[in-house]
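Engineer: sequence and predicted structure, then a few things I'm wondering about:
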Amino acid sequence: MQTVRMGLIVHQDPDYHTQIFSQYGFFFQLKVIKCKAANFSFFMQRLNPTGPNLSCCTNNRSCCNLRREREVSYEIQVLVQEDGTWQEYNTGLITQNFGVTSRTCKSKILKAQITAAPIYVTFAILFPPS
């Protein structure tokens, strides 16, 4: 088993940050959304390998895994320094089956009220043997 960590540094200006991540032919989109003045949502979702979202990211040499579901363990961690003190928000380790339908493709949403910048976000993803 290998843990993959993807990090994002978010500044307060844009309301939306996204990054596409691929491992073992599975594609995930990491998302950070600023909902209101200081309310943020952090989550990831599995992308359908045949969907239109990946057409710009894949090429003829990219491998795609066509399994409908895959068990994935993940943790979303957010670090920010507010008033000189480091604040941490996280989901804890969660194991979930990710599918390609709208009902099964999204992770748990981590919500936090953050007034400082920058925000350091880490998505740790583990693919247990299946």
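Structural biologist: Ah, there it is.
Engineer: name the single longest strand found in the chain.
Structural biologist: Using DSSP state E to define each element, the chain has its longest strand at strand 70-82.
Engineer: just checking: what are the partner strands of that strand?
Structural biologist: Pairing partners of strand 70-82, with direction, according to DSSP bridges: strand 85-90 (antiparallel), strand 94-98 (antiparallel), strand 119-126 (antiparallel).
Engineer: buried stuff in stretch 7-25?
Structural biologist: Neighbour counts over stretch 7-25 (16 or more other C-beta atoms under 10 Å) mark 8, 10, 17, 22 as buried. (Glycine included, C-beta is placed from N, CA and C.)
Engineer: contacts for the strand or helix carrying Met6 next, please.
Structural biologist: Using DSSP states H and E, the element containing Met6 is strand 3-10. Applying C-beta atoms under 8 Å, 6 or more residues apart in numbering, the contact partners of strand 3-10 are 17, 19, 21, 23, 30, 32, 40, 117-126.
Engineer: now, of the residues you listed, which are buried?
Structural biologist: The buried subset of those (16+ other C-beta under 10 Å) comprises 17, 30, 32, 40, 119, 121-126.
Engineer: need those in TSV with pLDDT and distance to Glu71, can you?
Structural biologist: Output for the buried ones among the contacts of strand 3-10, formatted as TSV (pLDDT from 0 to 100; distance: C-beta to C-beta, whole Å):
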residue	pLDDT	distance to Glu71
His17	89	27
Leu30	92	19
Val32	94	24
Phe40	94	27
Ile119	92	29
Val121	94	23
Thr122	93	21
Phe123	93	17
Ala124	92	15
Ile125	92	12
Leu126	91	10
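Engineer: wait, which of those is closest to Gln87?
Structural biologist: Ile119 (9.9 Å; C-beta to C-beta).
Engineer: my guess is that closest one contacts Gln81. True?
Structural biologist: No. Using C-beta atoms under 8 Å, Ile119 makes no contact with Gln81, being 9.6 Å away.
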